[in-house]
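Pasting the sequence and the predicted coordinates here, then a few questions.
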Amino acid sequence: MISSMTGFATRKGQAQGHAWVWEIRSVNGKGLDLRLRVPDWIEGLEPALRSDLGKALQRGSVSLSLKVAAEGGAEGLRINIATLQAVLRGLSEVEAAARGTGLTLAPPTAAEVLAQRGVLEQGAGLEDTAPLRAALLADLPALLADFHTMRRAEGAALDRVIRAQLDRIEALTAEAATEAEARRTASPLALRENLARLLAASEGLDETRIAQELALLAVKQDVTEELDRLGAHVAAARALLDETAPVGRRLDFLVQEFMREANTLCSKAQSMELTRVGLDLKTVIDQMREQIQNVE
């Protein structure tokens, strides 16, 4: 069963005198793009999370946020002196640059300075954050389980849509085979009529040579191989949908092969009906490509 790259989950927990809230969401992406916003005062947390997420996920643009607060509200708040000094230096440089251009800036309030990221830390007073980090990492699998459940549910919906599109492609391929057979029946008569007109209008032409060229043209218009490959691609896509491992990349490659055959079919059509079927095939394949881009 396939999984979608679209998903969302949230979870709350508490341990080691702290409470936390997780939130993870993802959308489609070519590879795995992890974006984390987690407390930097918990030593070693972000690299550990990246490692665990990298093992659990294959593809998608994934955003994970974690908010941790000491139980009892504001207890444990402190100012990060190094970050504060860096912010104040930056403000001083901005003010100096403004004065140099004749501008006067309104001084920032203390609340605005404290609002700068990293200036005010919560829980940073812990001397040893390893137990809290361990508790958070132990809670991560439950969050990911909820996340995977939603992605599988989205994947089930994708599976139904893609299978319906494969059924449509299979039906159109059969219709193309019928139209190609009808064209094959009519082509010899049309070729003979064209040859007769050409010979009647010209003198000194090699009739055998012309017949060979017309026969070669008929071979070039044959679409049997394209139809056979379309049927094989349908079978391959259905087999991929039955796999348990992530198959998004392989499906994405396969849909390119679908479109290649449909394009060739249209270029060889030489009949309105076969062209119509080829264009219908391209439409369905393009719609399927949009769905497959969401498959993990």
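Arrived safely.

Going by C-alpha atoms from here, please, whenever you check contacts or count neighbours.
Fine.

Which pLDDT does the model give the residue nearest to residue 43 when sequence neighbours are not counted?
With sequence-adjacent residues excluded and distances taken as C-alpha to C-alpha, 6 or more residues apart in numbering, residue 43 is closest to residue 129, at 6.4 Å. According to the model's per-residue confidence, residue 129 sits at a pLDDT of 89.

lowest-pLDDT helix or strand in the chain?
Comparing every helix and strand of the chain by mean pLDDT, DSSP states H and E singles out helix 207-220 as the least confident one, with a mean of 57.

Which SSE is immediately downstream of that helix?
Past helix 207-220, heading to the C-terminal end, the next element that is a helix or strand (DSSP states H and E) is helix 224-241.

So for that following helix, mean pLDDT?
The predicted model gives helix 224-241 an average pLDDT of 95.

Just want the angle from the longest helix along the chain to helix 224-241.
Longest helix in the chain by number of residues (criterion: DSSP state H): helix 130-201. The directions of helix 130-201 and helix 224-241 differ by 170 degrees, with axes from the mean of the first three to the mean of the last three C-alpha atoms, to 10 degrees as the criterion.

mind checking the backbone torsions on the residue nearest to residue 43?
For residue 129, the backbone dihedrals are phi -90, psi 0 (criterion: degrees, to the nearest 10).

isn't it right up against residue 44?
No. Counting by C-alpha atoms under 8 Å, residue 129 stays clear of residue 44, with 9.1 Å between them.

of these two, who's got more company?
residue 129 (17 against 12; other C-alpha atoms under 10 Å).

For residue 238, see how far away that one is.
In this view, residue 129 and residue 238 are 49 Å apart by C-alpha to C-alpha, to the nearest Å.

where's the closest residue to residue 180 other than its chain neighbours, which helix or strand?
Closest residue to residue 180 in three dimensions, ignoring its sequence neighbours and counting by C-alpha to C-alpha, 6+ apart: residue 274, at 6.8 Å. Secondary-structure assignment from DSSP H and E places residue 274 in helix 272-292.

what's the angle between the longest helix of the chain and helix 272-292?
Angle, helix 130-201 to helix 272-292, by the same axes, to 10 degrees: 170 degrees.

Report the separation between residue 286 and residue 177.
Using C-alpha to C-alpha, one gets 21 Å for the distance from residue 286 to residue 177.

So what touches stretch 248-263?
In this structure, residues lying in contact with stretch 248-263 by C-alpha atoms under 8 Å, 6 or more residues apart in numbering are 226-227, 229-230, 233, 237, 240, 278-279, 281-282, 285-286, 288-289, 292-296.

circling back: residue 286 and residue 177: which is more packed in?
Comparing residue 286 with residue 177 by other C-alpha under 10 Å, the one with more neighbours is residue 177, at 19 against 16.

For the more buried one, give me its contacts.
If a contact means C-alpha under 8 Å, 6+ apart, then residue 177 has 224, 227 as its contacts.

mind redoing it with 10 Å?
By C-alpha atoms under 10 Å, 6 or more residues apart in numbering, the contact set of residue 177 is 171, 183, 223, 224, 226, 227, 228, 274, 277.

so where's the stretch 51-200 of the chain shaky on pLDDT?
Under the criterion pLDDT under 70, the flagged ranges of the stretch 51-200 of the chain are 72-77, 121-127, 184-200.

one more time with 90
Confidence mapping of the stretch 51-200 of the chain against pLDDT under 90 gives the ranges 69-88, 90-129, 179-200.

Give the helix, strand or coil label for residue 66.
In terms of secondary structure, residue 66 is strand; the call rests on DSSP: H, G, I helix; E, B strand; the rest coil.

from memory it sits against residue 22, does it?
Yes. Counting by C-alpha atoms under 10 Å, residue 66 does reach residue 22; the two are 4.7 Å apart.

what residues do these two have in common as contacts?
Shared contacts of residue 66 and residue 22, defined by C-alpha under 10 Å, 6+ apart, are found at 10, 11, 12, 38, 136.

doesn't the second one fall inside a strand?
Right, the one you point to is residue 11. Yes. Counting by three-state DSSP, one finds residue 11 located in a strand.

my guess is it contacts residue 136, does it?
No. Using C-alpha under 10 Å, residue 11 is not in contact with residue 136, being 11.2 Å away.

Before I go, just wanted to say thanks for your time.
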